[in-house]
Structure formats: C-alpha cells, structure tokens
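Peer 1: Sequence and predicted structure, then a few things I'm wondering about:
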Amino acid sequence: MSIVKELIDSANADIALLRVRDTQGDVFAIRRPVDFTFRSGDERQAASVAGFLSDYRFAETAISAVDGEFRIVATIAMPVEQQEILSVSGFMQCIAALFTVTYDGWGAPIRSKPVDTIAPIADGNTTK
C-alpha cells in the first residue's frame with residue numbers, strides 16, 4: 001500500500017474515532033496524554049523507532065514485549081482537536097513507513113472538563 005493511501009486511511013479512521021469521542025462528551029481542546037502505538041517483530045527496529053522519537057524529543061517512549069512482538073508507545077501531551085491529532089497521527093504513520101514497523105493508531109483519555117482548575121486544599125491555600 002502506498003504511503004498516501006495509508007495516510008488517507010489513517011485520517012479517515014482518526015476522524016471516525018473523533019466522532020465517537022464527540023458523542024462521549026470529549027472536549028478536544030483540553031490537553032491530555034495521547035499514546036501513539038507501533039508494533040514490530042524485531043526488537044532492534046522497535047528500539048530504533050523509540051530512540052528516534054525520544055532522542056529528538058518528539059515523544060516520551062516505552063517498549064514492551066507483547067505476544068511475540070514489540071510494542072512501542074510514544075506519548076505526547078496535547079489536545080486532540082482534529083487538525084492537531086491528524087497531523088501528529090500522520091507524522092507517526094510516516095515514521096512507521098520509514099522504520100518499517102506497523103502503526104496501530106492512537107488513544108487518549110476522554111476529557112469532559114478542564115483538570116487544571118484551582119481547588120482549595122485543607123490548609124486554606126489553593127493548588128492547581
């Protein structure tokens with residue numbers, strides 16, 4: 001499959017996911033940790049992807065062995081508004097093609113209200 005076709009398919013899947021999240025009350029503008037997941041049968045390939053993304057500060061990464069494969073999770077704190085998430089997801093799709101690994105998409109917690117509102121604490125001070 002060509003990279004253009006993969007990007008189109010990925011964008012369509014991302015838009016479908018955003019529509020589902022919208023029905024669940026997700027406020028896309030709220031920043032949250034977003035996990036972008038890759039798979040590889042080769043540990044060195046997995047380490048190369050994780051190293052590239054973390055060394056150049058694109059994302060925090062972790063590798064784990066799952067069912068005979070290696071899973072790379074790249075985490076970025078960001079909103080999930082359509083333009084941002086499609087751009088970053090497309091970038092991750094390109095990384096997968098460059099490193100010949102499989103991009104499995106993204107996931108993030110649903111945010112329905114800001115989590116950084118000021119709340120009083122017991123000693124009378126406030127905290128974020």
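Peer 2: Perfect, thanks for sending it.
Peer 1: Report the buried residues of the longest helix along the chain.
Peer 2: Counting by DSSP state H, the longest helix found in the chain is helix 3-23. Neighbour counts over helix 3-23 (16 or more other CB atoms under 10 Å) mark Glu6, Leu7, Ser10, Ala11, Asp14, Leu17, Leu18, Arg21 as buried. Backbone N, C-alpha and C define where each C-beta goes, glycine included.
Peer 1: Equivalent analysis for stretch 39-59, please.
Peer 2: Buried positions in stretch 39-59, judged by neighbour count with 16+ other CB under 10 Å: Arg39, Ser40, Gln45, Ala46, Ser48, Val49, Ala50, Phe52, Leu53, Phe58, Ala59.
Peer 1: Helices along this structure, start to end?
Peer 2: Ranges of helices within the chain are 3-23, 43-55, 82-99, based on DSSP H.
Peer 1: And Ala65, how far from Ala108?
Peer 2: Here Ala65 is placed at a distance of 24 Å from Ala108 (CB to CB, to the nearest Å).
Peer 1: So between the two, which is more surrounded?
Peer 2: In this view Ala65 and Ala108 are compared by other CB atoms under 10 Å, and Ala108 has more residues nearby, 23 against 10.
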